[in-house]
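K.L.:
Structure for the following, please:
(one chain, ligands or ions: 1)
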Amino acid sequence: MDKETGHDVTAGIDTANPAGPGKRGCTRREAINRTLAGLAGAAGGGAVVALAARFARDARTTGTLEIFKNDAPTGPLWEAWKQRGWVKEGYHYLKLGKNVQCKVCPNNCILEPGDRSHCRDKINVDGTLYTLAYGNPCSFHVDPVEKKPLFHFLPGSRTFSLATAGCVFRCLNCQNWEISQKTPEQTKNPYGPELRLRPPLPESLGFDDMARLSMFPQDVVALAEWLKCPSVAYTYSDPVAFYEYTYDTCKLARERKVKNILVTCGSIDERALRDLGQYVDAAHVDLKGFDDDTYWKLNAGSLQAILNILKTFKSMGTWIELIHLVVPTYTDKPDMITRMCEWVVKNLGEDQPLHFSRFHPQHKLSHLPPTPVDFLLEARSIARASGLRYAYIGNVRGLADAETTFCPNCKKAIIERDVFRVTRMDLDAGKCKFCNTKIAGVWTA
Ligand code: SF4
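P.N.:
Below you'll find the predicted structure:
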């Protein structure tokens, strides 16, 4: 334990996982809008500020732990990256002589000097683990909180959302692979005049500005406040990969009474989660399947690790919402949905919201058809029959009541939504206006 920071930087052997790397898995549900719209517009109502990956570099393999040998930046690039402040020593890792082992997620990457991690964000420089994803988001945007999706957390509010490059998973159906499967150096440029983004925002930013800009934790919180967002969402790729940036920003946001939302695959080591989780108000967690074989094939992840983390979130009192993207031929199995729902009811309770989301062909599964709407309806019926009170269907336009919250007591519609917009809310201080039943969620900032 580092006495100054309180984080786990330890010399020794990892007795919990001496073999090192395990499995992992992930995907983001939100599309990345790459429009370089004016920031002044963002202040007024949600324009997009994002950066597309700039340099071509193919993903090497899928389904196995990737350690990129001798891929750490060196020379002028490394010096420039440090100069920008985009480097930070890792918060949870072991020193194993000159090697290091990251303890943030179950991948537990072991890196020799000069290596780059599976998530592409971490490197070993002379026996010290560093993240390259600090203060350098490649994508940020003001989103409705319903877009995360979170339906029972500050409905109708906007959340300042950001991401860096990199991810701990390798989902075949990743919606945001242009940033999740890239290195920070592929999305950012440390050369040229320094540009730090904080209020007041400039009228507009060019593509090169986007690549150069820094946004440190205090800037993120200041921007969220300036844009009148009651929360910051760490999203699009996966905040577990940019853990140190997320951690520092969450801590500062909590001090300023800005809420924190993690949008994550849930693949994180328990100790790292407990350290970060004390500052997290809500989490949207992807539950990508309900058997290990599918998790491994589809996401290169481990089901049990995610289930353990869901129970940890629950025990910490974090508001969580689950999403299951139904991928044809992989997870469109009624018996699997039944087992999933039964586990959720037993371990997280009947008030646990569960969103079934429609798959659309992309990334490495572009040959598959979209999920049939009939199956999504069947999945929702299974969830309701299992006892879940709040089951939703997402990514389907025009489907009646797909995103409506019903009071579990009087059965009346109390919150109606249409494409990330709350169109009606019959809730009073978190209670149904018709029968006064308490509705699970976080309803006020
Ligand atoms: S966070 Fe990245 S470096 Fe750390 S164990 Fe996970 S994949 Fe490896």
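K.L.:
For Pro149, list the residues it contacts.
P.N.:
By C-beta atoms under 8 Å, 6 or more residues apart in numbering, Pro149 lies in contact with Arg29, His284, Glu321, Ile323, His355, Tyr392, Gly394, Phe420. For glycine as for every other residue, the C-beta is placed from the backbone atoms N, C-alpha and C.
K.L.:
Take the residues you listed and lay them out in a markdown table including distance to the ligand, secondary structure and neighbour count.
P.N.:
Shown next, in a markdown table, are the contacts of Pro149 (distance: C-beta to the nearest ligand atom, whole Å; DSSP: H, G, I helix; E, B strand; the rest coil; neighbours: other C-beta atoms under 10 Å):
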| residue | distance to the ligand | secondary structure | neighbour count |
| --- | --- | --- | --- |
| Arg29 | 20 | coil | 20 |
| His284 | 19 | strand | 27 |
| Glu321 | 23 | strand | 22 |
| Ile323 | 21 | strand | 22 |
| His355 | 26 | strand | 27 |
| Tyr392 | 30 | strand | 22 |
| Gly394 | 28 | strand | 22 |
| Phe420 | 30 | coil | 16 |
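K.L.:
Pull up the gap between Cys119 and Cys174, please.
P.N.:
Distance, Cys119 to Cys174, using C-beta to C-beta, to the nearest Å: 13 Å.
K.L.:
With only the CA atoms kept, save stretch 149-156 in PDB.
P.N.:
Extracted in PDB, the C-alpha atoms of stretch 149-156 (Å, rounded to 0.1, in the frame of the first residue of the first chain):
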ATOM      1  CA  PRO A 149     -29.100   3.800 -20.200                       C
ATOM      2  CA  LEU A 150     -30.100   4.700 -16.600                       C
ATOM      3  CA  PHE A 151     -33.900   4.900 -16.200                       C
ATOM      4  CA  HIS A 152     -34.100   5.100 -12.400                       C
ATOM      5  CA  PHE A 153     -31.300   7.700 -11.800                       C
ATOM      6  CA  LEU A 154     -32.000  11.400 -12.000                       C
ATOM      7  CA  PRO A 155     -34.400  11.000 -15.000                       C
ATOM      8  CA  GLY A 156     -34.400  13.700 -17.500                       C
END
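K.L.:
Pull out the buried positions in it.
P.N.:
In terms of neighbour count (16 or more other C-beta atoms under 10 Å), stretch 149-156 has its buried residues at Pro149, Leu150, Phe151, His152, Phe153, Leu154, Pro155.
K.L.:
Quick one: neighbours of the closest residue to Val125 other than its chain neighbours, just the number.
P.N.:
Once flanking residues are discounted, Val125 sits nearest to Ala72: 6.3 Å by C-beta to C-beta, 6 or more residues apart in numbering. Using other C-beta atoms under 10 Å, Ala72 has 20 other residues around it.
K.L.:
which SS state does Ala72 fall under?
P.N.:
What DSSP: H, G, I helix; E, B strand; the rest coil gives for Ala72 is coil.
K.L.:
I figured it was touching Asn124, is that so?
P.N.:
Yes: with contact defined as C-beta atoms under 8 Å, Ala72 reaches Asn124; the gap is 6.8 Å.
K.L.:
end to end, how far does stretch 109-127 reach?
P.N.:
By C-alpha to C-alpha, to the nearest Å, the extent of stretch 109-127 from end to end equals 14 Å.
K.L.:
cool, stretch 145-156 as well?
P.N.:
Start-to-end, stretch 145-156 (C-alpha to C-alpha) is 7 Å.
K.L.:
Give the rounded mean pLDDT of that stretch.
P.N.:
In this model, stretch 145-156 has a mean pLDDT of 96.
K.L.:
Equivalent analysis for stretch 228-237, please.
P.N.:
Averaging pLDDT along stretch 228-237 gives 97.
K.L.:
Now do it: distance to the chain's middle.
P.N.:
On the basis of C-alpha atoms, centre = their mean, to the nearest Å, stretch 228-237 sits 10 Å off its chain's mean C-alpha point.
K.L.:
Same question for stretch 162-172.
P.N.:
That offset, for stretch 162-172, works out to 8 Å (C-alpha atoms, centre = their mean).
K.L.:
so where is this protein shaky, pLDDT-wise?
P.N.:
Within the chain, the ranges that satisfy pLDDT under 70 run 1-7, 10-63.
K.L.:
near the ligand, which residues of it?
P.N.:
102, 104-105, 107-109, 117-119, 121-122, 168, 240-241 (C-beta under 6 Å from any ligand atom).
K.L.:
does Leu298 sit in a helix, a strand or a coil?
P.N.:
Relying on three-state DSSP, one would call Leu298 helix.
K.L.:
residues contacting it?
P.N.:
Neighbour list for Leu298: Gly25, Cys171, Leu172, Asn173, Lys288, Gly289, Val327, Tyr330, Thr331 [criterion: C-beta under 8 Å, 6+ apart].
K.L.:
Pro190: which of those residues is nearest?
P.N.:
Using C-beta to C-beta, Cys171 is the member of those that sits closest to Pro190, with 28.8 Å.
K.L.:
check which helix or strand covers the closest one.
P.N.:
Here Cys171 is covered by no helix or strand, with elements defined by DSSP states H and E.
K.L.:
Contacts for stretch 404-417, please.
P.N.:
In contact with stretch 404-417 (C-beta under 8 Å, 6+ apart) are residues 146, 151-152, 155, 350, 389-390, 401, 403, 422-427, 432-435, 437, 439.
K.L.:
Go through the residues you listed and flag which are in strands.
P.N.:
Val422, Thr423, Arg424, Met425, Leu427, Cys432 (DSSP state E).
K.L.:
ranges for the helices of the stretch 201-350 of the chain?
P.N.:
Ranges of helices in the stretch 201-350 of the chain, per DSSP state H, counting those that start in this stretch, are 207-212, 217-226, 243-255, 270-277, 292-299, 303-316, 334-348.
K.L.:
What residues sit buried inside the longest one?
P.N.:
The neighbour-count check on helix 334-348 (16+ other C-beta under 10 Å) flags Met336, Ile337, Thr338, Met340, Cys341, Glu342, Trp343, Val344, Val345, Leu348 as buried.
K.L.:
I'd like those written out as JSON lines, with distance to Asp8 added.
P.N.:
Output for the buried residues of helix 334-348, formatted as JSON lines (distance: C-beta to C-beta, whole Å):
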{"residue": "Met336", "distance to Asp8": "36"}
{"residue": "Ile337", "distance to Asp8": "38"}
{"residue": "Thr338", "distance to Asp8": "39"}
{"residue": "Met340", "distance to Asp8": "32"}
{"residue": "Cys341", "distance to Asp8": "36"}
{"residue": "Glu342", "distance to Asp8": "35"}
{"residue": "Trp343", "distance to Asp8": "30"}
{"residue": "Val344", "distance to Asp8": "31"}
{"residue": "Val345", "distance to Asp8": "34"}
{"residue": "Leu348", "distance to Asp8": "28"}
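K.L.:
and the spatially closest residue to Tyr245 that is not a sequence neighbour, how many neighbours?
P.N.:
With C-beta to C-beta, 6+ apart as the criterion, Tyr245 has its nearest non-adjacent residue at 4.8 Å, and that residue is Tyr134. Number of residues near Tyr134 (other C-beta under 10 Å) recorded here: 27.
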